[in-house]
Each structure stands twice: as structure tokens, then as C-alpha cells.
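A.B. asks: turn this into a structure:
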Amino acid sequence: MQCAGKSLEKLLVSAQRQECLTVGVYESAKVMNVDPDCVAFCVLATDEEYECDIALQIHFTLIQAFCFDNDIDIVRVNDTQRLAEILGDTDESGEPKDVHCILVTNPSEASWKEPSLEKLSLFCEESRSFNEWVPAIILPER
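C.D. replies: Numbering: from 1, shown residues only. Below is the predicted model of the structure:
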């Protein structure tokens, strides 16, 4: 699982450089609605503070269903603070912005191939074989 965490971090950093990330629940829902074929990978993130947020859980359920229907690999991360650090997505007080849903979209450049995406796809496939449909990934510490 630690290997998956490193792969996820590499994928997010690389996709961000290529401008292939959509960050935020509402922004992600818009992209999925307009062009689901452009979505290559989905990350759902929460932490203890948001575990009981019913609206967020409903969004997660809908996003998961969409991903399953469109064969999009999806994982969960339980550390929004670390995820925000990786993306540099914090506000002035150091609090994470809305990183609850992150989509890796296919770049316009067909030449962009990220090996981490393939590793994570294999990780998701293996997890599904054990009936873990939305596997959890632990991000590596700084």
C-alpha cells in the first residue's frame, strides 16, 4: 500500500504539471457530466472532520457510481491536509482547499504517459479482485 501511496503522489504531481487535474467536488462533477471519457483516475479524500458530512458522503456515493459506470479507477485517501500539501492547495491559514475529489484527466498531449497511472490501475484491479471496490491509499509522509 505504501508503494501505491508513492505512485499516487507521483501521478498527482505529474498531472498537475501537465494541467491534467480537476480539483474540487463540484468542479469534478462538472467535468464528469460534460466529458466522462476524459477522466482517467479519481481520488476521493476525507478526514475525521468530514466523516459525518452527509452532503459530502452523498456526493462521494454519486461520484463512485459514476466512476463504476464509466470504468474509471477510483481510490480513497484519508488525509486531506497531506493531499493539499502535495498539490500546494492550501489557503493563507494553511487549511486545505476543497481537495475532497480530484480527477486526473487525459491530457491533450497524447505523448504524456505517466507510469504511476498504470501502477495505480493495476492496484485498483487487484483490489477489486478482493471485493475492495474503492481501495484506500495512505500517502507517504513528507
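A.B. asks: spit out the contact partners of residue 56.
C.D. replies: Neighbour list for residue 56: 25, 46, 50, 100 [criterion: C-beta atoms under 8 Å, 6 or more residues apart in numbering]. C-beta here means a position set from N, CA and C on the backbone, and glycine is covered the same way.
A.B. asks: ok, and the most crowded of the residues you listed?
C.D. replies: residue 100 (25 neighbours; other C-beta atoms under 10 Å).
A.B. asks: the residue nearest the centre of the chain bridge partners, please.
C.D. replies: For the chain, the residue whose C-alpha lies nearest the mean C-alpha position (C-alpha atoms, centre = their mean) is residue 43; its distance is 1.7 Å. Under DSSP bridges, the beta-bridge partners of residue 43 are residue 75, residue 102.
A.B. asks: test my guess that it contacts residue 8.
C.D. replies: Yes. Using C-beta atoms under 8 Å, residue 43 is in contact with residue 8, at 7.1 Å.
A.B. asks: who touches both of those two?
C.D. replies: 75, 77.
A.B. asks: burial of residue 21, as a residue count?
C.D. replies: 22.
A.B. asks: excluding covalently adjacent residues, which one is nearest to it?
C.D. replies: Spatial nearest neighbour of residue 21, excluding adjacent residues (C-beta to C-beta, 6 or more residues apart in numbering): residue 15 at 4.9 Å.
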